[in-house]
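Peer 1: sequence first, predicted model second:
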Amino acid sequence: VQLQASGGGVVQPGGSLRLSCAMSGFPMDRYVIGWFRQAPGKEREWISCISSIDDETHYADSVKGRFTISRDNAKKMVYLQMNSLKPEDTAIYSCAASLYGLTRQQSTYDYWGQGTLVTVSS
């Protein structure tokens, strides 16, 4: 099982980035996929997830209206489009897979990938 996040980098406030999560080794089309982030000195937090069935999406209040999650099951990819980035979005972003359902609880995610660092700074 592999989940690999990529697409991070340094961006100025107000800028955009698109993160990608490449998955293999499990039937990702059956899994809810979530994005999490961990800022320096803080606990990891859930920010978004997308359903395996109907592409229903959920977002944390801190990113709602700025971030968009999407998935392409044929390519075994999930994306996180991040717009209007703020310095407080600086964190390591990771993707994870859950059979539990649309959930923000980290304990319900079965598989986790390596993260990608996003730095928002002028």
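Peer 2: Thanks, I have the structure now. Residues are numbered from 1 along each chain as shown.

Peer 1: now the strands: where do they sit in this protein?
Peer 2: Counting by DSSP state E, residue ranges of the strands within the chain are 2-6, 9-11, 17-24, 32-38, 45-50, 57-59, 67-72, 77-82, 91-98, 111-112, 116-120.

Peer 1: now those strands as JSON lines including mean pLDDT?
Peer 2: JSON lines is the format used below for the strands of the chain (pLDDT from 0 to 100):
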{"stretch": "strand 2-6", "mean pLDDT": "96"}
{"stretch": "strand 9-11", "mean pLDDT": "98"}
{"stretch": "strand 17-24", "mean pLDDT": "97"}
{"stretch": "strand 32-38", "mean pLDDT": "97"}
{"stretch": "strand 45-50", "mean pLDDT": "97"}
{"stretch": "strand 57-59", "mean pLDDT": "97"}
{"stretch": "strand 67-72", "mean pLDDT": "97"}
{"stretch": "strand 77-82", "mean pLDDT": "98"}
{"stretch": "strand 91-98", "mean pLDDT": "98"}
{"stretch": "strand 111-112", "mean pLDDT": "96"}
{"stretch": "strand 116-120", "mean pLDDT": "98"}
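
Peer 1: quick one: which of these is nearest Q105?
Peer 2: When these are compared by Cβ to Cβ, strand 45-50 sits nearest Q105, at 7.7 Å. Any C-beta I mention is one placed from the backbone N, CA and C, and that applies to glycine too.

Peer 1: for the residue nearest the centre of the chain, what are its contacts?
Peer 2: Most central in the chain under Cα atoms, centre = their mean is W35, positioned 2.4 Å from the mean C-alpha point. Residues counted as contacts of W35 (Cβ atoms under 8 Å, 6 or more residues apart in numbering) are 19, 21, 46-49, 69, 78, 80, 93-96.
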